[in-house]
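Undergrad: Let me see the structure of the following:
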Amino acid sequence: MFVVKIATYCATFAAAMFFAFWEERLKRQLTDGIVQPVKLVSDLGIINEQIRREQALKTLPRHALAKLRLVIRFKLLFLVLFVAEVFVLQQ
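TA: From the prediction side, this is the model:
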């Protein structure tokens, strides 16, 4: 039974991570033409680029964001499912 619990946890968490990485890839694809890459090497340059990408997402039309919103919903669904599994399967 312990192996089944661990397998269930791992599969659900892997699905959530898959959708999280897919979300990041979609964000980059949607904003590559809008946001120019930062030439700084510091961590602040990376943070500024992420902030600019998030701001650029707000300017995109609704139909361009439909797939991104669907992926975000799937990610959240699997994260909620993971938390529910932890509570239910711990008993």
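
Undergrad: Tell me where the longest helix sits in the protein.
TA: helix 2-31 (DSSP state H).

Undergrad: That one - contacts with which helices or strands?
TA: The elements that helix 2-31 packs onto, with contact taken as 3 or more Cβ pairs under 8 Å, 6 or more residues apart in numbering; DSSP states H and E, are helix 43-59, helix 62-89. All C-beta spots, glycine's among them, are computed from the backbone N, C-alpha and C.

Undergrad: Let me see the mean pLDDT of it.
TA: What helix 2-31 shows for mean pLDDT is 92.

Undergrad: List the buried residues in it.
TA: 8, 12, 15, 16, 19, 20, 22, 23, 26, 27, 30, 31 (16 or more other Cβ atoms under 10 Å).

Undergrad: so what's the last one up against?
TA: What that stands for is residue 31. Going by Cβ atoms under 8 Å, 6 or more residues apart in numbering, residue 31 touches 52, 53, 56, 57, 60.

Undergrad: any idea how far the residue nearest to residue 75 when sequence neighbours are not counted is from residue 26?
TA: Using Cβ to Cβ, 6 or more residues apart in numbering and skipping the chain neighbours, the partner closest in space to residue 75 is residue 19 (3.8 Å). Residue 19 sits 10 Å away from residue 26, taking Cβ to Cβ, to the nearest Å as the criterion.
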